[in-house]
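Participant: Coordinates for the following, if possible.
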Amino acid sequence: MRIVVHGQQAFGKAVLERLLERGEDVVAVCCAPTKEGRPEDPLVEFAREKSLPVHQPASWKTPEALELMKSFKADLCMMAYVLLFVPQEVRDAPKYGTFQYHPSLCPWHRGPSSINWPIAMGKTCTGLTVFWPDDGLDEGPILLQKICEIGPDETLGDVYFKKLFPMGVEAMIEALDLVKAGVILKHAQDLEAGSYESWFNRKVAQLDWSKPAAEVYNWIRAANPQPGAWTTVNGTTFSVFDAATTEGAGKPGEVLVIDEIGIKIAAGSGAVLAKRVRSGKDAKLAAHEWAANAGLKVGDVCVFVEE
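Facilitator: Residues are numbered from 1 along each chain as shown. As a prediction, the model looks like this:
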């Protein structure tokens, strides 16, 4: 079967590695254009090491892009982390079309930050979907899905790198085997029964200390390691990474304790223990070290800043 791999970053590279290990016939590799001054994408570097043809069109919405996909005479296109919009004509050019990986249980958490949001919402499970994309965002019919737990202390990094990344690579291979066996499953998504959320970006990641400690902690986990859940105290902004819920009471955002374990901060109910923090792009520090450097003291109050 002639396969096009369209993707980027470590996930795209890992899928390509597995395909080549299996001896699959990868006829082309497509990736987003390399931005000026940025290093080459890991998928592109690996494909070139393996002497595979690499294509990086700036847009897939052109007649030239359609002709490019047709020129591969592919049986299947496998999309492994693709951010550029690909029109239907291009997706349908391979004999069996195009399937795509998405790290959520579609139709739930469709959108660009699908791993962050279930954690932020305190959910205890998530998963991945391999689906046949249409012109909607993550809205196409489903080929297969896999479920995984979200542990009570797991972060965005834990869920992705330890679970959804390796599971996703294997799911892409399983999906390929289904297509090769003629099992072309297409289960329609009930979009009204799911959800769409936009970017879990820096603005969203600001901590609201008026919420219960458990909710604040979920927000911290959902933003670790990126974009980093942050707050402001005495005009200084810092991000909280390693943390835990704990007992304590005070005005929301009030610093209750500073010791070698961390900085205890009151929430709407209960408290959060910040263990590792960072200001700006500085190195991450043990919270008590950062507090000493910043002149933080018990009684100071972390505030929510309207942006």
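Participant: Strands of the stretch 151-300 of the chain, residue ranges please.
Facilitator: Taking DSSP state E, counting those that start in this stretch as the test, the strands found in the stretch 151-300 of the chain are 229-233, 236-240, 243-246, 255-259, 262-266, 271-274, 276-278, 285-286.
Participant: Turn these into a markdown table, including mean pLDDT and mean neighbour count.
Facilitator: Every residue, glycine included, has its C-beta placed from N, CA and C. A markdown table is the format used below for these (pLDDT from 0 to 100; neighbours: other C-beta atoms under 10 Å):
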| stretch | mean pLDDT | mean neighbour count |
| --- | --- | --- |
| strand 229-233 | 98 | 22 |
| strand 236-240 | 97 | 21 |
| strand 243-246 | 98 | 20 |
| strand 255-259 | 98 | 18 |
| strand 262-266 | 98 | 25 |
| strand 271-274 | 98 | 27 |
| strand 276-278 | 98 | 21 |
| strand 285-286 | 98 | 18 |
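Participant: Nearest to residue 15, out of these?
Facilitator: Taking C-beta to C-beta, strand 229-233 is the member of those nearest to residue 15, at 30.5 Å.
Participant: now the closest one, how far from the centre of its chain.
Facilitator: Relative to its chain's centre, strand 229-233 lies at 22 Å (C-alpha atoms, centre = their mean, to the nearest Å).
Participant: hang on, the earlier thing: closest one to residue 74 among the strands of the stretch 151-300 of the chain?
Facilitator: strand 229-233 (42.5 Å).
Participant: Please report how far the closest residue to residue 196 other than its chain neighbours lies from residue 221.
Facilitator: Sequence neighbours aside, residue 110 is the residue nearest to residue 196 in space, at 4.6 Å (criterion: C-beta to C-beta, 6 or more residues apart in numbering). Per C-beta to C-beta, to the nearest Å, residue 110 is found 21 Å from residue 221.
Participant: ok, how many other residues are close to the residue nearest to residue 65 when sequence neighbours are not counted?
Facilitator: Distance criterion C-beta to C-beta, 6+ apart; nearest residue to residue 65, sequence neighbours excluded, is residue 57 at 5.0 Å. Residues lying near residue 57 (other C-beta atoms under 10 Å) number 17.
Participant: Using the three-state scheme, assign residue 57.
Facilitator: Three-state assignment for residue 57 (DSSP: H, G, I helix; E, B strand; the rest coil): coil.
Participant: Distance check, it against residue 4.
Facilitator: For residue 57, the distance to residue 4 (C-beta to C-beta) stands at 13 Å.
Participant: Now do the helices in the chain.
Facilitator: Counting by DSSP state H, residue ranges of the helices within the chain are 9-21, 42-49, 63-71, 88-91, 116-120, 156-159, 165-180, 213-222, 287-294.
Participant: Show me how the chain divides into domains.
Facilitator: Domain assignment for the chain by automatic domain parsing gives 2-193, 213-303.
Participant: As a markdown table, those domains with distance to residue 206 would be great.
Facilitator: Formatted as a markdown table, those follow (distance: least, C-beta to C-beta, whole Å):
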| stretch | distance to residue 206 |
| --- | --- |
| domain 2-193 | 12 |
| domain 213-303 | 6 |
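Participant: closest to residue 202 out of those?
Facilitator: Closest of those to residue 202 is domain 213-303, at 4.6 Å (criterion: C-beta to C-beta).
Participant: what sits against residue 256?
Facilitator: 248, 250, 264-266, 271, 298 (C-beta atoms under 8 Å, 6 or more residues apart in numbering).
Participant: ok, which pair from those residues is furthest apart?
Facilitator: 271 and 298 (12.6 Å).
Participant: What is the neighbour count of the residue lying closest to residue 172 once chain neighbours are set aside?
Facilitator: In space, and not counting its chain neighbours, residue 172 is closest to residue 15: 5.1 Å by C-beta to C-beta, 6+ apart. For residue 15, the count of nearby residues is 26 (other C-beta under 10 Å).
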